[in-house]
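Chemist: Got a sequence here, can you model it:
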Amino acid sequence: MNTAWFTEFWANYQTPIHVVLILLIAVIGRALLLVSVRRVVSGVVSGVKSEAKAVAEDTESPLVKARVVQRTKTIGSVLSNFITWGIALITVTMVLNELGVQVGALIAGAGILGAAVGFGAQSLVRDLISGLFIVFEDQYGVGDVVDLGEVKGAIEAVGLRVTQVRDVEGTLWYVRNGEIARVGNRSQGFSRVIVDLSFDPTVDVENAKTAMIGATNSVAKSKAFGQLLIGPAEVWGIQALSGDALVIRLVQQVSPKAVDDVAREIRAALVLELKKAKLSLASNGNSFTVNLKK
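Modeler: The predicted structure is shown next:
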């Protein structure tokens, strides 16, 4: 058999064939990897949604599962971008090598350029790395009420570079992830409603405690708010004492979904209970409510 034609064809078109094969393998490899990532993400999301239906009576599970879905999709997006750029870089390097370009010199030049760009874009790199850790560690998610230092409010979007926070006045803040030094999350697990009531120093402390517990018991019986309370209320006792006022602290552990609503309802119930018990607050005292996260 005469193979001279094949030898001549290979000698003339060896480089184009190698380039085409490299591109073909890169396209197929990228497609297979992206499909694998999407299947994993879809499997996690489908499993979470199915489990959410099975445990619909659990008031906390839908929030937790929504967070799992969000984190999975974000990580899937990051992996997809990493796969695309990684394969593109390897493919370009191999194609240039086949075309006879000195790849080593290009890599060295690209390294110097990358170092210069990286030095100038330190804040951007820091934002992206911080965003990855925020997502991986599940520090907060959409819907959480957080304290990020100078900004407090509800999370509306979590990106790799910025986090969007809506404060109580309705202002939407864009916070760079690299500038977030601390995170106080009021929506994970549970929160506490704390009410400090200032009474006259001569008040009957036991009657005051009974009235305060009675107020929370009436809220617990409410169909709208009872399911948001976690466990019985606690009176932690005398918080402060002076010649003008005696401060007693009431604490109620609640679901983090509607802390402010529960706090307002408890204060309203306290007004009624104090009237029934004929107890009045100190004339120069005050009461306040603070939400705490354990």
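Chemist: Can you tell me how far Ala31 is from Ser222?
Modeler: 56 Å (Cβ to Cβ, to the nearest Å). In short, each C-beta sits where N, CA and C put it, glycine included.
Chemist: okay, these two: which has more neighbours?
Modeler: Taking neighbours as other Cβ atoms under 10 Å, Ala31 and Ser222 compare with Ser222 leading, 14 against 10.
Chemist: thought the more buried one was touching Glu265?
Modeler: Yes. In terms of Cβ atoms under 8 Å, Ser222 counts as a neighbour of Glu265; the distance is 7.2 Å.
Chemist: Around the closest residue in space to Gly131 that isn't next to it in sequence, how many other residues sit close by?
Modeler: Closest residue in space to Gly131, ignoring its immediate chain neighbours: Leu160 at 3.7 Å, by Cβ to Cβ, 6 or more residues apart in numbering. For Leu160, the neighbour count with other Cβ under 10 Å is 18.
Chemist: so what pLDDT did Leu160 get?
Modeler: pLDDT, Leu160: 77.
Chemist: again, but for Leu292
Modeler: Per-residue confidence at Leu292 stands at 41 (pLDDT).
Chemist: ditto for Gly29
Modeler: 90.
Chemist: Tell me how many other residues crowd it.
Modeler: Applying other Cβ under 10 Å, we find 14 residues neighbouring Gly29.
Chemist: any idea how far Val78 is from it?
Modeler: Here the criterion is Cβ to Cβ. By it, Gly29 lies 19 Å from Val78.
Chemist: Kindly report the same for Leu89.
Modeler: 16 Å.
Chemist: These two: which is more packed in?
Modeler: Val78 (17 against 11).
Chemist: which ones are touching the more buried one?
Modeler: Residues near Val78 by Cβ atoms under 8 Å, 6 or more residues apart in numbering: Leu132, Val135, Leu160.
Chemist: before we move on, which element is it in?
Modeler: Per DSSP states H and E, Val78 falls inside helix 61-98.
Chemist: Got the domain ranges for this protein?
Modeler: With domains defined by automatic domain parsing, the chain comprises 4-120, 139-185, 191-293.
Chemist: Looking at these, spot the one closest to Arg126.
Modeler: With Cβ to Cβ, the closest approach to Arg126 among the domains of the chain belongs to domain 139-185: 3.7 Å.
Chemist: Arg39 is in what secondary structure piece?
Modeler: In the assignment (DSSP H and E), Arg39 maps to helix 4-54.
Chemist: Looking only at stretch 172-184, what residues are buried by neighbour count?
Modeler: Trp173, Val175, Asn177, Gly178, Glu179, Ile180 (16 or more other Cβ atoms under 10 Å).
Chemist: Pull the number of nearby residues for the spatially closest residue to Leu23 that is not a sequence neighbour.
Modeler: Of all residues not flanking Leu23 in the chain, Thr91 sits nearest, at 6.7 Å (Cβ to Cβ, 6+ apart). Thr91 sits with 18 neighbouring residues when counted by other Cβ under 10 Å.
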